[in-house]
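>>> sequence and predicted structure below; questions after.
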Amino acid sequence: QVQLVESGGESVQAGGSLRLACAGSGFTYSSYCMGWFRQVPGNEREGVAFIGNGVGATYADDVKGRFTISQDNAKNTLDLQMNSLKPEDTAMYFCAADDCYRFISGRSRFWGQGTQVTVSS
């Protein structure tokens, strides 16, 4: 059974930094892509970044240069370093894991419960 648990969400001021972490179990890290999505109430969930299984780090245009995704297969962890945060980054952030072809099309079968990031101006 795939399980994903996120942590690290907080309230920060614009320009600040946060590091989100995702601990996964029940699957082989090296065979899946993993990534981060975010969602604001009333909006669809959107992809932020993903990586894995021979796929290089891929980012949404509005986070390129500010966010860095990293994966540690030995520790079964996935991190998202977020710098230069903006109020528009405010959202619930979800960790996800699945076959890479689903990520490339913006989908995933397996999700964590989410961690809230709030950026104030």
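Looks like it arrived, so ask away. Numbering: from 1, shown residues only.

>>> for the most centrally placed residue in the chain, list each beta-bridge partner.
The chain has Trp36 as the residue nearest its centroid, 1.9 Å off, counting by C-alpha atoms, centre = their mean. Beta bridges link Trp36 to Ala49, Cys95, judged by DSSP bridges.

>>> any idea how far it is from Thr115?
10 Å (C-beta to C-beta, to the nearest Å). No exception for glycine: its C-beta is placed from N, CA and C like everyone else's.

>>> likewise Asn43?
17 Å.

>>> for Arg38, list the residues it contacts.
45-46, 48, 89, 91-94, 117 (C-beta atoms under 8 Å, 6 or more residues apart in numbering).

>>> and those residues, which are buried?
The neighbour-count criterion (16 or more other C-beta atoms under 10 Å) marks 45, 48, 89, 91-94, 117 among these as buried.

>>> sitting in strands, which of the residues you listed do you find?
48, 91-94, 117 (DSSP state E).
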